[in-house]
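Enquirer: how would this look folded up:
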Amino acid sequence: AYDLVVLAHPAFEASWSRLTVSSRAAIAEAVVGMWMTTTCRFTRAQYLAGGHLTDSETPFADPDGRWGDRIWYTIPQLRRIGVSEPVLSGLIAWARMMWPGGDVQALMSTGSDGASTGAGRDDRSASPHRADGCGIGSLGALLLLGLVPLIRLRRR
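Expert: Next comes the predicted model:
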């Protein structure tokens with residue numbers, strides 16, 4: 001999937017209602033991991049050349065805005081959903097690289113009540129992954145493989 005906002009966009013909330021909170025969190029974490037594996041195959045220059053972002057773009061949280069805006073909206077929402085801090089730290093590091101003018105502190109809140117969960121923390125040192133946030137895909141893939149039987153059971 002090109003766009004992580006589907007995991008947290010208000011229009012999709014009803015789609016998640018049949019899952020338990022822990023199942024939704026596990027699925028979201030796995031999807032983010034796989035998304036990062038694919039997304040990190042491309043450089044910032046390639047995303048610029050493809051028109052996915054502009055060099056001077058400053059994203060703000062908007063689930064219906066440009067790609068950066070949707071990422072800025074989604075990261076705090078993923079924290080609210082229950083995606084783990086190491087995975088979020090990798091995603092934040094990647095977002096920082098893609099949109100260097102973006103307000104990284106805005107990504108440190110839960111997205112539900114605005115409570116800060118990491119003010120003053122340097123995400124680059126908090127993540128066990130590369131400084132650009134890439135390299136978290138194997139964890140997500142393992143989680144997804146473990147969830148496939150769970151998802152099939154819930155549909156019956």
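
Enquirer: now do the contacts for the nearest residue to Trp35 once chain neighbours are set aside.
Expert: Leaving aside its chain neighbours, Trp35 sits nearest to Leu4 (5.9 Å; criterion: C-beta to C-beta, 6 or more residues apart in numbering). All C-beta atoms are positioned from the backbone trio N, CA, C, and that covers glycine. Shown in contact with Leu4 (C-beta atoms under 8 Å, 6 or more residues apart in numbering): Val31, Val32, Trp35, Arg70, Ile71, Thr74, Leu78.

Enquirer: quick check: Cys40 vs Gln46, distance?
Expert: Counting by C-beta to C-beta, to the nearest Å, the gap from Cys40 to Gln46 is 11 Å.

Enquirer: of the two, give the one with the bigger neighbour count.
Expert: Neighbours were counted for Cys40 and for Gln46 using other C-beta atoms under 10 Å; Cys40 has more, 19 against 10.

Enquirer: surely that one meets Trp94?
Expert: Yes - Cys40 is within contact range of Trp94, at 6.8 Å (criterion: C-beta atoms under 8 Å).
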